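Undergrad: Sequence plus the predicted model coming up.
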Amino acid sequence: MADDDQDIFDSLEREASEFTKVCHLFVLLCDSANAQFQDAEIDRIRKAFSLDSYAVLDLQPGVAEKDIKMQYRKKSLLIHPDKTKNPAAPDAFDRLAKAQTALLDEKQRTYLDECIADARRLLIREHKYNLDSPELKTEEFKVEWRAKTIHVLLEEEARRRRQAKARLQEEGREARKEEEELDARKRKRDNDKAWEESREERIGTWRDFQKGRKPGDEKKKKKKMKVLG
């Protein structure tokens with residue numbers, strides 16, 4: 001190989017080596033940035049109020065169902081436990097899945113939308129706003145609305161749990177009452193059986209009484225008998 005050709009070859013090798021280093025560094029930087037982004041999203045999901053599925057998925061109320069599914073897919077691919085070493089990823093992934101399930105359930109989503117609407121009405125009443133008040137469009141109101149929504153959801157959850165507890169207590173009382181009734185019926189059956197089993201004995205005793213004999217007379221006669229001879 002001529003010297004000029006060798007120089008060109010060596011130069012190209014150096015350029016290729018430098019390019020490989022730059023690419024490797026770029027990949028490392030991208031991985032680091034992606035890991036930071038993943039960690040930030042995992043942290044956001046875990047700090048979001050769990051009863052507000054919109055907050056967990058980082059969505060605004062009223063979005064279309066396709067947007068819910070699209071947002072879930074994007075977020076779940078980002079924080080999937082197989083794609084990050086963050087130990088909190090499984091918990092965040094589980095919360096994300098539960099939030100999507102809740103929003104895709106018509107009954108649960110309607111309940112959440114009603115709580116959010118109640119929070120807005122309460123704030124309007126407290127501040128004596130009307131529906132045309134410019135304050136309703138401010139960021140301050142949105143922040144306050146979110147906080148009020150949390151308050152309403154907490155109150156509703158507490159009420160739901162009290163009702164569930166009262167229902168369980170009532171079911172417990174009914175179960176105990178039913179058990180007591182079963183025990184009472186069993187005792188009655190046992191008493192009736194014992195009474196029936198002693199029927200012949202009672203009849204014999206009555207017959208002896210009618211003949212002038214008392215229970216035990218036969219045994220007494222046997223004891224008085226002596227062996228002759």
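TA: Received, thanks.
Undergrad: For the chain, just list every one of the helices.
TA: 3-47, 53-57, 65-79, 89-104, 106-127, 139-197, 199-210, 217-224 (DSSP state H).
Undergrad: okay, now residue 38: neighbour count?
TA: 19 (other CB atoms under 10 Å). Yep, even glycine has a C-beta here, placed from its N, CA and C like the rest.
Undergrad: what's near enough to touch the spatially closest residue to it that is not a sequence neighbour?
TA: Leaving out its chain neighbours, the residue that sits closest to residue 38 by CB to CB, 6 or more residues apart in numbering is residue 84, at 4.6 Å. Residue 84 sits next to 35, 38, 39, 42 when contact means CB atoms under 8 Å, 6 or more residues apart in numbering.
Undergrad: Quick check, pLDDT for the residue nearest to the spatial centre of the chain.
TA: With distances taken as CA atoms, centre = their mean, residue 98 lies nearest the centre of the chain, 9.3 Å away. pLDDT for residue 98: 97.
Undergrad: ok, now residue 177?
TA: Reported pLDDT for residue 177: 82.
Undergrad: what's the burial count for it?
TA: Neighbour count for residue 177, taken as other CB under 10 Å: 10.
Undergrad: how far away is it from residue 70?
TA: 53 Å (CB to CB, to the nearest Å).
Undergrad: ok, back up a step: residue 133 is nearest to which of the helices of the chain?
TA: Taking CB to CB, helix 106-127 is the member of the helices of the chain nearest to residue 133, at 7.6 Å.
Undergrad: Can you give the distance of that closest one from its chain's centre?
TA: Relative to its chain's centre, helix 106-127 lies at 22 Å (CA atoms, centre = their mean, to the nearest Å).
Undergrad: got it, and stretch 68-75?
TA: For stretch 68-75, the separation from the chain centroid amounts to 22 Å (computed by CA atoms, centre = their mean).
Undergrad: CA-only coordinates of that stretch in PDB, if you can.
TA: Written as PDB, here are the backbone C-alpha positions of stretch 68-75 (Å, rounded to 0.1, in the frame of the first residue of the first chain):
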ATOM      1  CA  ILE A  68     -57.300   8.300  28.000                       C
ATOM      2  CA  LYS A  69     -56.100   5.200  26.300                       C
ATOM      3  CA  MET A  70     -53.500   7.100  24.300                       C
ATOM      4  CA  GLN A  71     -52.200   8.800  27.500                       C
ATOM      5  CA  TYR A  72     -52.100   5.500  29.400                       C
ATOM      6  CA  ARG A  73     -50.100   3.800  26.600                       C
ATOM      7  CA  LYS A  74     -47.600   6.700  26.400                       C
ATOM      8  CA  LYS A  75     -47.100   6.800  30.200                       C
END
